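**Student:** here are the coordinates; sequence isn't available:
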């Protein structure tokens, strides 16, 4: 019996020794890497709780079973392609992108690595990111809103606040904005339906904002719809020229802008996190339809309205998701 026990002990030790290399290999196996490529005036954008919520719903937690690496550049610097190529060279598991430029840079950099986008300004088919909404058909998928239609809604809300405003300006980066023609057409049609005159003011950089606002005043604009790609300086000029403005993001209203109507970005980012998680689990982008978030948010800064001597009608107060005093 003593010999049998010794033999069993030897077998157990041998089995444990044989298993050690496999356990060590499992521990040393590198975690999948998600490369996040963003563009914005503040450089690399960090992903918030919403993204991690979507990722967790798919079974992934940063630092536990997935790594996220951040790369970013201000718009127009031209190095987005290099950053995307760096991710391709490293063979990350997924390239996640925010804004038009990074999404297009990633698509140009690879036709094989999965790419997930969010926060783009226009229809992804129009931008050339995918072949169709329901069947993307390549290595790219993502989450989006109908940006140009949101611009038309901003105009409508401004007109509800200013029912006597005959002329409204559209402040835009012009053709620099990839969705410019689509957004302009949407606003022109909306202005016509509302019986308003739309004056288009192109401003290629924030250095020209003073001249652009002066031009609005000269043309008789009583309010302005601000297009994408502008920074915080636009809020200061709107206050200086006392022109009510509708913005494309809640952040402008928090910094003193009058109102914003936009997609709920937290929901969009959560959806993008879920798509990344599905791909990490083996799904192919070509089989993941583009997801459109149906959550929107309307924010009004009541303090700014008071400073502009504007009375916000009850209909807008009720419709608003957030009122800032």
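**Tutor:** That came in fine, so what should we check first? Since the model is a prediction, treat every value here as computed from it, not as a measurement.
**Student:** rest of the way, CA atoms for contacts and neighbours
**Tutor:** Will do.
**Student:** Just give me the neighbour total for the closest residue to residue 227 other than its chain neighbours.
**Tutor:** For residue 227, ignoring the flanking residues on the chain, the nearest one in space by CA to CA, 6 or more residues apart in numbering is residue 172 at 5.0 Å. Residues lying near residue 172 (other CA atoms under 10 Å) number 24.
**Student:** From residue 240, how far off is residue 172?
**Tutor:** 19 Å (CA to CA, to the nearest Å).
**Student:** quick one, what contacts the residue nearest to residue 227?
**Tutor:** Residues near residue 172 by CA atoms under 8 Å, 6 or more residues apart in numbering: 180, 200-204, 226-228.
**Student:** And the furthest pair within these?
**Tutor:** Based on CA to CA, the longest span within the contacts of residue 172 runs between 200 and 228 and measures 14.0 Å.
**Student:** circling back to that earlier point, could you dump the contacts of residue 172 to a markdown table with distance to residue 309?
**Tutor:** Converted to a markdown table, the contacts of residue 172 look like this (distance: CA to CA, whole Å):
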| residue | distance to residue 309 |
| --- | --- |
| 180 | 32 |
| 200 | 25 |
| 201 | 25 |
| 202 | 28 |
| 203 | 27 |
| 204 | 31 |
| 226 | 20 |
| 227 | 24 |
| 228 | 27 |
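**Student:** List buried members of these by neighbour count.
**Tutor:** The neighbour-count test (16 or more other CA atoms under 10 Å) marks 180, 200-204, 226-228 as buried among those.
**Student:** Nearest to residue 30 among these?
**Tutor:** Checking those against residue 30 by CA to CA gives residue 228 as the nearest, at 38.8 Å.
**Student:** Correct me if wrong: that closest one contacts residue 248.
**Tutor:** Yes - under the criterion of CA atoms under 8 Å, residue 228 makes contact with residue 248 at 6.5 Å.
**Student:** List phi and psi for the residue nearest to residue 227.
**Tutor:** Dihedral angles of residue 172 (phi, psi; degrees, to the nearest 10) stand at phi -140, psi 160.
**Student:** And the pLDDT for it?
**Tutor:** Predicted confidence (pLDDT) for residue 172: 96.
**Student:** for it, which residues make a bridge with it?
**Tutor:** Residue 172 forms beta bridges with residue 202, as assigned by DSSP bridges.
**Student:** how near is it to residue 211?
**Tutor:** Using CA to CA, we find residue 172 at a distance of 13 Å from residue 211.
**Student:** repeat for residue 195
**Tutor:** With CA to CA as the criterion, residue 195 and residue 211 are 27 Å apart.
**Student:** Kindly report the same for residue 140.
**Tutor:** To residue 211, residue 140 is 40 Å away according to CA to CA.
**Student:** okay, the two: which has more neighbours?
**Tutor:** The neighbour comparison of residue 140 against residue 211 (other CA under 10 Å) goes to residue 140, with 31 against 13.
**Student:** ok, and what's touching stretch 51-68?
**Tutor:** Identification of contacts with stretch 51-68 by CA under 8 Å, 6+ apart yields 31-36, 266, 269-278.
**Student:** Mind checking which of the residues you listed are in strands?
**Tutor:** Mapping the contacts of stretch 51-68 onto strands (DSSP state E) picks out 33-36.
**Student:** before we move on, the earlier item: for residue 180, see how far away the residue nearest to residue 227 is.
**Tutor:** As judged by CA to CA, residue 172 and residue 180 stand 8 Å apart.
**Student:** and what of residue 64?
**Tutor:** 42 Å.
**Student:** low-scoring pLDDT stretches of the protein, where are they?
**Tutor:** Where the chain drops to pLDDT under 70, the residues are 1-28, 40-46, 74-78.
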